[in-house]
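*Asks:* one predicted model, sequence on top.
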Amino acid sequence: MSSPIIIGNWKMNGLTQEAKHIVSTLLTYATNHHNFAKTVVCPPFTQLQLVKEMIESSPFGLGAQDCHFEDKGAHTGDISPAMLQDIGVKYVVLGHSERRKDHQESDQLVLKKTIAAQNKGLLPVVCIGETKQERETNQQEKIVEAQLKGSLPQNFNGLVAYEPIWAIGTGLTANNDQISEMIQFIRKKLVAQYGENGKKISILYGGSVKPGNVRDIYATPELGGVLVGGVSIVPDDFIKLIDIAQEFIRS
Ligand SMILES: O=C(CO)COP(=O)(O)O
């Protein structure tokens with residue numbers, strides 16, 4: 001039995017008081033509910049240690065938002081997979097469209113990071129998705145296929161997050177057909193690339209997920225869960241996503 005996984009990407013948000021407030025709200029939820037959907041929080045690097053200590057011995061998982069591909073060395077400002085592993089991080093979001101855009105991250109770089117993260121036992125959450133212009137010119141499948149080919153290694157042990165860029169932080173959500181078609185498409189490509197193993201890779205959706213639209217999103221066949229930005233730092237709403245996931249337990 002599994003219910004959708006919910007991954008909260010705080011992005012560049014979360015000063016200490018806010019981080020404490022978000023996590024305390026989640027912990028209170030956990031004391032009052034049992035066996036709820038797998039939930040992972042990805043705070044900024046500066047709050048990882050605090051959040052780790054707060055969620056220890058709770059059901060919540062810990063993720064980071066990026067990592068370098070080397071384990072150590074002269075890379076000012078970067079954080080390595082070994083450093084994340086060292087403090088108990090389990091998941092790492094890689095190739096997010098905001099990193100691809102703000103830091104010119106290419107598929108080749110995302111691939112190197114993905115391999116490095118896996119080698120340290122982390123679970124990469126590799127993000128892919130098309131821009132508005134690419135969607136409008138019907139290139140979404142071509143773009144997503146190229147990103148899958150370019151960003152995922154020969155042996156992949158992680159999750160894929162489909163995040164159409166035009167739906168991120170815009171309030172625009174891909175509609176059910178758009179999500180469903182793309183999840184099926186990604187599944188087909190993963191099976192072509194990995195055979196039987198490709199059937200087991202979780203495919204998440206991200207882009208303006210909120211309590212009001214999440215039921216429709218969870219109902220998408222084959223969807224493994226959601227990657228949530230804005231709502232992940234609004235704890236009362238984030239908890240609603242966890243609650244509603246219970247209605248979608250799949251065998
Ligand atoms: O980018 C996202 C998660 O990684 C989605 O962000 P929003 O939920 O704010 O649209």
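*Replies:* Structure's in. What do you need? None of these values were measured; they are calculated from a predicted model. Numbering: from 1, shown residues only.

*Asks:* going forward, measure contacts and count neighbours with C-alpha atoms only.
*Replies:* Noted.

*Asks:* which SSE is C127 in?
*Replies:* strand 123-128 (DSSP states H and E).

*Asks:* what of V160?
*Replies:* strand 159-162.

*Asks:* which strand residues bridge the residue in the stretch 1-150 of the chain that the ligand sits nearest to?
*Replies:* Closest approach between the stretch 1-150 of the chain and the ligand, counting by Cα to the nearest ligand atom: N9, at 5.3 Å. Taking DSSP bridges as the rule, N9 bridges to C42.

*Asks:* that one is in contact with S232, isn't it?
*Replies:* Yes - if you go by Cα atoms under 8 Å, N9 and S232 touch, sitting 6.4 Å apart.

*Asks:* any shared contact partners between these two?
*Replies:* V41 (Cα atoms under 8 Å, 6 or more residues apart in numbering).

*Asks:* near the ligand at all, the strand holding V160?
*Replies:* No - residues of strand 159-162 contacting the ligand under Cα under 6 Å from any ligand atom: none, with a closest distance of 8.3 Å.

*Asks:* swap in stretch 76-91?
*Replies:* No - judged by Cα under 6 Å from any ligand atom, stretch 76-91 makes no contact with the ligand; its nearest approach is 13.1 Å.

*Asks:* before we move on, the earlier item: what's the pLDDT at the residue of the stretch 1-150 of the chain closest to the ligand?
*Replies:* With respect to pLDDT, N9 scores 98.

*Asks:* again with C67
*Replies:* C67 carries a pLDDT value of 98.

*Asks:* same question for S251.
*Replies:* 61.

*Asks:* same check on G169?
*Replies:* 88.

*Asks:* that one touches S208, doesn't it?
*Replies:* Yes - between G169 and S208 a contact is recorded at 5.7 Å, counting by Cα under 8 Å.

*Asks:* more crowded one of the two?
*Replies:* S208 (23 against 16; other Cα atoms under 10 Å).

*Asks:* I'd guess L62 is in a strand, am I close?
*Replies:* Yes - counting by DSSP: H, G, I helix; E, B strand; the rest coil, L62 is located in a strand.

*Asks:* which residues are in contact with it?
*Replies:* 40-42, 48, 51-52, 88-91.

*Asks:* beta partners of it?
*Replies:* V41.

*Asks:* neighbours of D71, just the number please.
*Replies:* So D71, with other Cα under 10 Å, has 15 neighbours.

*Asks:* for Q178, same thing?
*Replies:* 11.

*Asks:* so is V226 in a helix, a strand, or just coil?
*Replies:* Strictly by three-state DSSP, V226 counts as strand.

*Asks:* what residue ranges in this protein score low on pLDDT?
*Replies:* Counting by pLDDT under 70, the chain has low-confidence residues at 1, 251.

*Asks:* all helices of it, in order?
*Replies:* 16-32, 45-55, 81-86, 97-102, 107-119, 132-136, 140-151, 176-194, 214-218, 235-245 (DSSP state H).

*Asks:* C67 is nearest to which of these?
*Replies:* For C67, the closest of these is helix 81-86, at 5.9 Å, according to Cα to Cα.

*Asks:* alright, that wraps it up for me.
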